[in-house]
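Colleague: output the structure for:
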Amino acid sequence: MMNIAQYLDSTYLKTPAQSGISNEETLQLDKKLAQEAIEHGIFAVMIRPDYVAEIKKYIQERNSNVAVGTVIGFHEGTYSIDEKLAEASKAIEDGADELDFVINYAAYLHGDQELVKEEFIQCTQLGLQHHKVVKWIIEIAALNDDQIAALTKNIAVWAEENFAEKDFQNIFVKSSTGFYQTEGGKPNGATFEGIKIMLDNAGKLPVKAAGGVRTPEDAEKMIRMGVKRIGTSSALALIKDESSSEGY
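Modeller: Sure, this is the predicted structure:
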C-alpha cells in the first residue's frame with residue numbers, strides 16, 4: 001500500500017472565533033495535530049500564524065523533523081503585498097518552514113495581472129531567500145476551468161522568468177483554502193478535474209491538492225495523477241484507511 005503520510009499536510013486553520021473555543025484550546029488542538037504527525041510520519045502540520053512559534057518549539061523539543069507550515073493572506077487573498085510580506089516575515093521569524101500564500105485571485109479576475117505577478121515575485125523571493133517552501137493557493141472554486149488553467153500557467157511562467165530551476169521544487173501551486181463559500185453544494189476544494197487542469201499547466205512546478213480529499217483512495221489517485229502534497233484536516237483518517245466527513 002502507498003505511504004500516504006509522507007504527502008500530507010495535516011491541517012487545522014479555524015480561528016478561535018470560527019470554532020467557538022479559546023486561544024489556549026486552539027493551541028492544544030494544534031499540539032495534538034503535531035503529536036499525531038510525529039507519531040504517524042505525516043510530512044507537515046499546517047496551522048494559523050499565531051501558533052507557529054509554539055508548535056515549532058513543541059516539535060523541536062521532541063526531536064522531530066515534521067515541517068511547520070502556515071497560511072498567509074488567508075483566506076480571502078486580498079491583503080496588500082506589504083501586508084503579506086509582513087505576515088510572512090513574522091512567520092519566518094517564528095520558525096515556519098512552509099508559507100502557503102493565498103494569491104489575490106480577486107485582483108486577477110478583475111484583470112489586475114500586474115499586481116498578482118508582483119505579489120508572486122516579491123513573496124516568493126522572500127520565502128526562497130530564507131530557504132522556505134512557498135505555495136500559492138489559487139482558490140479553484142472561485143475560478144472556471146479556463147481561469148484555473150491560465151492562472152496556473154501564469155504562475156509557472158513567472159517562476160521560470162524570475163527564479164532558478166533549482167528553486168522550482170519549492171514553489172507550489174495549490175488548489176484551495178477550504179474556506180471559500182460555494183453555492184448549490186458545489187465542492188470548495190480540490191477536485192480531480194481541477195487538479196488535472198493544474199497539473200497540465202503547472203510546468204515544472206509541483207502541485208498541492210487541498211480540501212475535499214476524504215478517502216485513502218482519493219488521496220492515492222491524486223498522488224498517482226502527480227500531486228506532490230495533499231492538504232487535509234483528515235490526515236489521521238486517511239492514514240488509518242478510514243473515510244472522513246470533515247470539511248477540508
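Colleague: residues in contact with A107?
Modeller: With contacts defined as CB atoms under 8 Å, 6 or more residues apart in numbering, A107 is in contact with 78, 115-116. To be clear about C-beta, it is placed using only N, CA and C from the backbone, and glycine gets the same treatment.
Colleague: what residues of the helix or strand harbouring it count as buried?
Modeller: Secondary structure assigned from DSSP states H and E places A107 in helix 105-109. Neighbour-count burial for helix 105-109, counted by 16 or more other CB atoms under 10 Å, picks out 105, 107-108.
Colleague: stretch 204-214 too?
Modeller: Residues of stretch 204-214 classed as buried: 205-214 (neighbour count, 16+ other CB under 10 Å).
Colleague: what about it, average pLDDT?
Modeller: Averaging pLDDT along stretch 204-214 gives 95.
Colleague: where along the chain do the strands fall?
Modeller: Secondary structure of the chain (DSSP state E): strands located at 8-12, 44-47, 67-72, 98-102, 133-137, 171-174, 207-210, 229-232.
Colleague: and the ones you listed as a markdown table, adding distance to S19?
Modeller: Below are those laid out as a markdown table (distance: least, CB to CB, whole Å):
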| stretch | distance to S19 |
| --- | --- |
| strand 8-12 | 9 |
| strand 44-47 | 13 |
| strand 67-72 | 15 |
| strand 98-102 | 19 |
| strand 133-137 | 21 |
| strand 171-174 | 23 |
| strand 207-210 | 19 |
| strand 229-232 | 17 |
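Colleague: out of these, which comes closest to N188?
Modeller: The closest of these to N188 is strand 207-210. By CB to CB, the value is 10.3 Å.
Colleague: tell me how far the closest one is from the chain's mean position?
Modeller: 7 Å (CA atoms, centre = their mean, to the nearest Å).
Colleague: show me what it is in contact with.
Modeller: For strand 207-210, contacts defined as CB under 8 Å, 6+ apart pick out 9, 11, 135, 137, 172-178, 189-190, 195, 198-199, 222, 226-232, 248.
Colleague: average model confidence for stretch 176-184?
Modeller: The average pLDDT within stretch 176-184 is 93.
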